[in-house]
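> For reference, the sequence and a predicted model appear below.
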Amino acid sequence: MKVSFLTKEESKRQQEEDFLALSQSERMVAFFNLIRQSKRYFPTKSSMPEFEKSNFVIEIKSKINDSSL
């Protein structure tokens, strides 16, 4: 494992160069891998069944009598 210390600009430039060195098909695969990995850290409601069981509903009731309008 290689450890290197770079500034933010140097790191960004290196990442961009590495990405642009990939072929178009490799870029697509890298993009799909990124999407798959992001689902692990940012799950959606459909991927978490416990959200479907317990919905939290907030009801705001008006103090104004509707018949007086």
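Looks like it came in fine. Numbering: from 1, shown residues only.

> which residue sits closest to residue 22, ignoring its sequence neighbours?
residue 30 (6.5 Å; Cβ to Cβ, 6 or more residues apart in numbering). The way it works is simple: take the backbone N, C-alpha and C, and place the C-beta from them, glycine included.

> Next, count neighbours for the one you found.
12 (other Cβ atoms under 10 Å).

> Is it within a helix or a strand, and which one?
Here residue 30 sits within helix 24-41, counting by DSSP states H and E.

> How about that helix, which residues are buried there?
Within helix 24-41, no residue is scored as buried using 16 or more other Cβ atoms under 10 Å.

> Stretch 10-20 too?
Of the residues in stretch 10-20, none is buried (16+ other Cβ under 10 Å).

> Using PDB, write out every CA atom in that stretch.
Taking Å, rounded to 0.1, in the frame of the first residue of the first chain, the C-alpha atoms of stretch 10-20 are listed here in PDB:
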ATOM      1  CA  GLU A  10      -2.700  17.900  -6.400                       C
ATOM      2  CA  SER A  11      -5.000  15.100  -5.200                       C
ATOM      3  CA  LYS A  12      -7.900  16.300  -7.400                       C
ATOM      4  CA  ARG A  13      -5.600  16.600 -10.400                       C
ATOM      5  CA  GLN A  14      -4.300  13.100  -9.900                       C
ATOM      6  CA  GLN A  15      -7.800  11.600  -9.600                       C
ATOM      7  CA  GLU A  16      -8.800  13.400 -12.800                       C
ATOM      8  CA  GLU A  17      -5.800  12.200 -14.700                       C
ATOM      9  CA  ASP A  18      -6.300   8.600 -13.500                       C
ATOM     10  CA  PHE A  19     -10.000   8.800 -14.500                       C
ATOM     11  CA  LEU A  20      -9.300  10.200 -17.900                       C
END
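
> How about residues contacting that stretch?
6, 27, 30 (Cβ atoms under 8 Å, 6 or more residues apart in numbering).

> Worst mean pLDDT across the helices and strands of this protein, which element?
Counting by mean pLDDT, DSSP states H and E, the chain has its least confident helix or strand at helix 49-53, which shows a mean of 59.

> any low-confidence regions in this structure?
44-55, 64-69 (pLDDT under 70).

> Go again with 80.
For the chain, applying pLDDT under 80 flags the ranges 40-59, 62-69.
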